[in-house]
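>>> predicted model, plus sequence, below.
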Amino acid sequence: MDTRILSLIEDNNYYLKGVFITHDHSHHVLGLKTIMKIYDTPIYSVNPEIMNLRSTRVRDGEIINLGIFKVEVMTVPGHSADSAVFKIDRLLFSGDTLSAGMTGKTASSYAAATQINELNYKILSLPGDYTVLPGHGPPSSLEAERRFNIHLNSFGQPKKRRPAFNFDFG
């Protein structure tokens, strides 16, 4: 566990209201048991359990009221089946799904296509600009990702979801 996080909380007398899990990969959740030993706070995740700890399960489109914050959940499977982006005001906590100039690594071309489709539909289609706070690497802006992210083939133009079946008989 990175002691800098604990020091930040303790030195500033912050009250931890919740822990949001963008996805259940070990290097993102290893400090969770330590946090839970110190603080009595809910864990929010797509999964009902993280590291044998009970989690409040979140769903796509859900809004969680946490103190003065409204946290919107946007599931973006691809990097992992449980990947989620948490939107608070103009901040996007994206985990490994979206980072400066890249998208998350995936296990298959199907997962990669799913991830790109969900990013285009849910994230890149957001109006205005947001700050992207990834799980690794520097912060970015959503506008920079729309314009320069090498993995997004839409060059900033959100794609509309295609229907599963096309019944156009004309």
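Yes, it's here. As the structure is a prediction and not an experimental result, all values here were calculated from the model.
>>> how about the strand of greatest length in the chain: buried residues?
Criterion DSSP state E: the longest strand present in the chain is strand 69-75. Residues of strand 69-75 classed as buried by neighbour count (16 or more other CB atoms under 10 Å): Val71, Glu72, Val73, Met74, Thr75. The way it works is simple: take the backbone N, C-alpha and C, and place the C-beta from them, glycine included.
>>> which residues touch the second one?
Contacts of Glu72 were listed using CB atoms under 8 Å, 6 or more residues apart in numbering, and they are Gly61, Glu62, Ile63, Ile64, Phe86, Lys87, Ile88.
>>> and those residues, which two are the farthest apart?
Gly61 and Ile88 (15.1 Å; CB to CB).
>>> helix/strand/coil for Asn65?
strand (DSSP: H, G, I helix; E, B strand; the rest coil).
>>> pLDDT score for the closest residue in space to it that isn't next to it in sequence?
Nearest residue to Asn65, sequence neighbours excluded (CB to CB, 6 or more residues apart in numbering): Val71, at 7.9 Å. At Val71, the model reports a pLDDT of 98.
>>> shouldn't Val71 be in contact with Ile64?
Yes: the criterion here is CB atoms under 8 Å, and Val71 meets it with Ile64 at 4.4 Å.
>>> who touches both of these two?
Tyr44.
>>> taking the centroid of this protein, which residue is nearest it?
Val85 (2.1 Å; CA atoms, centre = their mean).
>>> find the least confident helix or strand in the protein, judged by mean pLDDT.
helix 26-29 (a mean of 81; mean pLDDT, DSSP states H and E).
>>> quick check: buried residues in whatever helix or strand comes next after it?
Once helix 26-29 ends, the next helix or strand along the chain (criterion: DSSP states H and E) is helix 32-38. Across helix 32-38, burial judged by 16+ other CB under 10 Å covers Leu32, Ile35, Met36.
>>> what's the closest non-adjacent residue to Thr22?
Gly95 (2.6 Å).
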